[in-house]
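J.: After the sequence you'll find the predicted model.
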Amino acid sequence: MANPVTGTFALLRACFVLAREGVVGAFPSEGLPPVPAMLHRAARLLERRSAKNQARSDRLSRALHRLGPSYVKLGQFLATRPDIVGADIAGELGALQDKVPPFDHRLAVAEIETTLGRSIDELFIDLGQVVGAASIAQVYKARVRSRDGGEHFAAVKVIRPGIRARFRRELETFAFIARFLERFVRASRRLRPVAVVETLTQSTRIEMDLRLEAAASSEMAENVAHDQGFRVPAIDWERTGRDVITMEWIDGLKLSDVAGIVAAGHDTKQIGVTVVQSFLRHAMRDGFFHADMHQGNLFIAPDGTIVAVDLGIVGRLSRESKRFLAEILYGFIKRDYRRVAELHFEAGYVPRNQDVASFAQALRAIGEPIYGQPAETISMGHLLTLLFEVTELFEMQTRPELVLLQKTMVVVEGVARTFDPKFNMWVAAEPVVSDYILAELGPAAKLQEARDGIEAGLKLLRKAPELAVGLEVLSRELPELIENGIRLNDDTLKDLVQDGKASIILGHVERWVIAGTLMVIAAALVFG
């Protein structure tokens, strides 16, 4: 936990830098209470003169870079949470570039040798030069000896020395600032700063273990093994550890190099279709998607295949979430707003105390304006953004996995429209959504549900002997329970206090309920 003095100093420094770089002054002051309005005017007095002519996104970028790489990472993280900071600010933060000077080559060698337990000469013919450096790691283009005696290039990503300790200290400071804001700044509570910092801490911890990135890449490689036009680099597990990841070097053009891609003769319209359909296929079919699919992480190989790198941030969807997403999109396409509203309630995303008809009315306000627009201007990502804004009015609980999906969808739409300004998201998405709907809601899906139900019943029947014993005990104790009620002795009370919850009792009750259910099933089979 951060020292209060250190935390207070960090908070004051952050406020000063944000004011000095014109970030505070870039936000409107209309409607602010007297004290915040006075602070806003004071912040405007502290602005650098040159900041007054900059866009707000430029001011944000300059301020966060001045505060340090941890703040840049915080900004990039908030770019994935438009539900917290709003779509406009999330878009501005999404442009942040996490670039810092590379660290010393000797430190990288020491980090590799310590992690992998072998000398650098055993591992690589030549580590090569740094081709990219960020706050957490930097990447080399290395030469590696192949098993057949030849050699090939590989991308080697190495964690920045000491970065874990630095991030830990600064994240503790973030936690102090978040607690301060929630306690003393009422308006900040809606943004849940403490929860944001906790999520950022977990995300950063995962991102700093390169074995997890390698595992994510390996999993996606298996998922897309038979897909056309999309793949991820192969992982060199022999040269991968917690602080080092080695993977196939990609000879291709980054999708940010639009002019180079056009000059190379690639089909630019097909690139957009491939990127969007691949993302939707991963999300709906696999429930596992690359959550950072911006142009810097996507390459196009000479044969036209899209290659995605840097799977440090990934998203997962449960079967229920995938079905929810598909039916939502299908409902909007069919303009069945009542069904879309009912889906939100069935999934438990909107509290039961809200009105379904009123929610359907709000959804209609989102969907109907879409149908008056040309198809190529309709954004699926924008649709989901509006959906989240409306559901906030109905006390809908935030679903992080769906928000991450929405953010990624906005990004891939942007990539597609870079190559085709008239890109039609709905036409591109229709085959993937239709395939999913058919697979999940068609006859084959019904058979699978029946099979799952039978398997669940068989598992229950296998536990019948154990439950029968419990039923026998219950039959002996039931008269006394009816006559005297439930009595807790001192040992039972002590167990409950130590557990801090009534899970012991609930566990027994659950077994009696199951036993009773089995008796009903057995009676039905015998006498039915």
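T.: Nice, thanks for sending it over. It should be emphasised that the depicted structure is a prediction, and the values quoted were computed from it without experimental measurement. Numbers count the residues shown, from 1 in each chain.

J.: would you list every one of the strands in the protein?
T.: Using DSSP state E, the strands found in the chain span residues 130-133, 137-145, 151-159, 230-231, 244-248, 253-254, 288-290, 298-300, 306-308, 314-316.

J.: So which of the ones you listed is nearest Thr114?
T.: Among these, the nearest to Thr114 by Cβ to Cβ is strand 244-248 (9.4 Å). (Glycine included, C-beta is placed from N, CA and C.)

J.: How far does the closest one sit from its chain's centre?
T.: 23 Å (Cα atoms, centre = their mean, to the nearest Å).

J.: ok, back up a step: in JSON lines, list the strands of the chain along with distance to Ile177.
T.: Formatted as JSON lines, the strands of the chain follow (distance: least, Cβ to Cβ, whole Å):
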{"stretch": "strand 130-133", "distance to Ile177": "27"}
{"stretch": "strand 137-145", "distance to Ile177": "26"}
{"stretch": "strand 151-159", "distance to Ile177": "26"}
{"stretch": "strand 230-231", "distance to Ile177": "41"}
{"stretch": "strand 244-248", "distance to Ile177": "32"}
{"stretch": "strand 253-254", "distance to Ile177": "36"}
{"stretch": "strand 288-290", "distance to Ile177": "31"}
{"stretch": "strand 298-300", "distance to Ile177": "35"}
{"stretch": "strand 306-308", "distance to Ile177": "34"}
{"stretch": "strand 314-316", "distance to Ile177": "27"}
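
J.: quick one: which of those is nearest Glu47?
T.: Using Cβ to Cβ as the measure, strand 130-133 is the one of these that comes nearest Glu47, at 30.9 Å.

J.: Averaged pLDDT, that closest one. What do you get?
T.: Averaging pLDDT along strand 130-133 gives 90.

J.: Quick one: find the helix or strand in this structure with the lowest mean pLDDT.
T.: Ranking every helix and strand in the chain by mean pLDDT, DSSP states H and E puts helix 503-527 at the bottom, with a mean of 47.

J.: Measure how buried Val130 is and give me the count.
T.: The tally of other residues near Val130 (other Cβ atoms under 10 Å) stands at 17.

J.: Now do the contacts for it.
T.: 102, 105, 138-140 (Cβ atoms under 8 Å, 6 or more residues apart in numbering).

J.: Once you drop chain neighbours, what's closest to Leu393?
T.: Ala362 (6.9 Å; Cβ to Cβ, 6 or more residues apart in numbering).

J.: count of neighbours near the one you found?
T.: Neighbour number of Ala362 under other Cβ under 10 Å is 17.

J.: Kindly report the same for Ala234.
T.: Neighbourhood size, Ala234 [other Cβ under 10 Å]: 12.

J.: For it, give me its contacts.
T.: 221, 247-248 are the contacts of Ala234 under Cβ under 8 Å, 6+ apart.

J.: Pro69 too?
T.: 98, 100, 134-136.

J.: Could I get the full set of helices for the stretch 201-350 of the chain?
T.: 210-223, 258-263, 268-281, 319-334, 337-346 (DSSP state H, counting those that start in this stretch).

J.: most neighbours per residue, which of the ones you listed?
T.: Scoring those by mean neighbour count under mean count of other Cβ atoms under 10 Å gives helix 268-281 as the most buried, with a mean of 21.

J.: just the CA coordinates of that helix, formatted as CSV?
T.: Extracted in CSV, the C-alpha atoms of helix 268-281 (Å, rounded to 0.1, in the frame of the first residue of the first chain):
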residue,chain,number,x,y,z
THR,A,268,-7.6,-3.6,-50.1
LYS,A,269,-11.3,-4.3,-49.9
GLN,A,270,-10.7,-8.0,-49.1
ILE,A,271,-8.3,-7.0,-46.3
GLY,A,272,-11.1,-5.2,-44.5
VAL,A,273,-13.5,-8.1,-44.9
THR,A,274,-10.9,-10.6,-43.7
VAL,A,275,-10.0,-8.6,-40.6
VAL,A,276,-13.7,-8.1,-39.5
GLN,A,277,-14.8,-11.7,-40.3
SER,A,278,-11.8,-13.2,-38.6
PHE,A,279,-12.5,-11.2,-35.4
LEU,A,280,-16.2,-12.1,-35.4
ARG,A,281,-15.4,-15.7,-36.1
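
J.: Just tell me which of the strands of the chain ends up closest to Trp237.
T.: Nearest of those to Trp237, taken as Cβ to Cβ: strand 244-248 at 8.4 Å.

J.: just for the stretch 51-200 of the chain, where's the confidence low?
T.: 80-87, 94-95, 97-98, 187-188, 190-191 (pLDDT under 70).

J.: Can you tell me how far His65 is from Glu47?
T.: 17 Å (Cβ to Cβ, to the nearest Å).

J.: Also Ala263?
T.: The gap separating Ala263 from Glu47 is 43 Å, by Cβ to Cβ.

J.: same thing with Gly260?
T.: Applying Cβ to Cβ, the value for Gly260 to Glu47 is 39 Å.

J.: ditto for Ala134
T.: Ala134 is 29 Å from Glu47, by Cβ to Cβ.

J.: Quick one: residues contacting the nearest residue to Arg285 once chain neighbours are set aside.
T.: Nearest residue to Arg285, sequence neighbours excluded (Cβ to Cβ, 6+ apart): Tyr436, at 6.6 Å. Taking Cβ under 8 Å, 6+ apart, we find Tyr436 in contact with 284-285, 322, 326.

J.: Please list all residues in contact with Ala154.
T.: Contact partners of Ala154, counting by Cβ under 8 Å, 6+ apart, are 124, 141-144, 236, 239, 246-249.

J.: partner residues bridging it?
T.: Judged by DSSP bridges, the bridge partners of Ala154 are Ala142, Glu248.

J.: now it: how far from His266?
T.: Going from Ala154 to His266 by Cβ to Cβ gives 25 Å.

J.: from the middle of its chain, how far away would stretch 153-160 be?
T.: How far stretch 153-160 lies from its chain's middle: 24 Å, per Cα atoms, centre = their mean.

J.: Name the residues of that stretch that come out as buried.
T.: Using 16 or more other Cβ atoms under 10 Å as the test for burial, stretch 153-160 gives 154-160.
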